[in-house]
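1. I would like the atomic coordinates for the input below:
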Amino acid sequence: MTLFPLDTIPTTTVSYAVVISPPRNIVDHVKIMENKVYDFIPEAKHEQYLKAHISLLKFTSEEDDTRIIHLVKSAVAALPSFEVQLNGYDIFQHGYTSDSLVLQISNPQPIIELHKSLFKALKRKTPRITPHMTIVKEVPHHKLRKIDLSPFNYYDSFLCTQITILKKIPGAKQYDKLFEVLLSAQ
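-> Residues are numbered from 1 along each chain as shown. As a prediction, this is how the structure comes out:
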């Protein structure tokens with residue numbers, strides 16, 4: 001016997017994100033670049049909880065970790081590991097007010113395929129993406145254009161062997177790691 005009729009059991013809506021997490025040396029280097037931007041532009045939006053990553057998917061859902069992990073695992077079960085090549089900086093404009101400073105990905109196709117597979121598994125329409133790794137976001141447009149961006153021209157690569165499912169509960173400031181899903185070793 002429950003306290004509520006079955007169709008009125010309260011549920012919690014949470015946020016999930018699926019990302020590619022680079023190795024520690026790249027995370028550390030991106031954090032150094034992020035801090036350089038804050039040195040030049042103190043009023044830039046500071047994302048103290050943000051770690052370097054490549055976003056694949058964000059969504060809200062009723063809290064059901066087991067179902068989400070299963071969906072993500074099934075979506076990527078046949079997808080092989082792949083090399084991610086970081087290819088210098090780029091600027092993504094957000095209208096006329098702010099920009100994001102990002103690292104470009106020179107081989108985006110495996111990331112795009114991974115993105116499509118995840119959306120298909122969740123039965124959602126797949127939006128177009130430009131795979132990238134954010135250094136800093138929402139920097140005032142006129143300020144970013146005034147600094148020398150050559151120190152942000154970073155080139156590196158890493159083997160993507162897994163993706164990370166993150167979860168944020170209502171009221172939390174940051175996402176926490178829920179589960180890491182291995183890609184095929186083909």
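
2. What are the contacting residues of the longest helix anywhere in the chain?
-> For the chain, the helix that runs over the most residues, judged by DSSP state H, is helix 24-40. For helix 24-40, the surrounding residues in contact (CB atoms under 8 Å, 6 or more residues apart in numbering) are 21-22, 44, 46-47, 51-52, 86, 101, 103, 133, 135-136, 139, 143-144, 147, 151-152, 154, 156, 158. Every residue, glycine included, has its C-beta placed from N, CA and C.

3. same thing but at 7 Å, please
-> 44, 46, 51-52, 101, 133, 135-136, 139, 147, 151-152, 154, 156, 158 (CB atoms under 7 Å, 6 or more residues apart in numbering).

4. for these, which one is nearest V14?
-> Nearest to V14 out of the contacts of helix 24-40 is K51 (CB to CB; 19.3 Å).

5. burial count for the residue nearest to the closest one when sequence neighbours are not counted?
-> Leaving aside its sequence neighbours, K51 sits nearest to V27 (CB to CB, 6 or more residues apart in numbering; 5.6 Å). The number of residues packed around V27, counting by other CB atoms under 10 Å, is 14.

6. now swap in A185 and tell me
-> A185, neighbours per other CB under 10 Å, totals 7.

7. got the contact list for the residue nearest in space to the middle of the chain?
-> The centroid of the chain falls nearest to S55 when counting by CA atoms, centre = their mean (2.4 Å). Counting by CB under 7 Å, 6+ apart, S55 touches A17, V19.

8. And the longest strand anywhere in the chain, what's buried?
-> Ordering each strand of the chain by length in residues (DSSP state E) puts strand 82-94 first. Buried residues in strand 82-94, counted by 16 or more other CB atoms under 10 Å: F82, V84, L86, N87, Y89, D90.

9. C-terminal to that strand, what's the next element?
-> strand 98-105 (DSSP states H and E).

10. That next one pairs with which strands?
-> strand 82-94 (antiparallel), strand 132-140 (antiparallel) (DSSP bridges).
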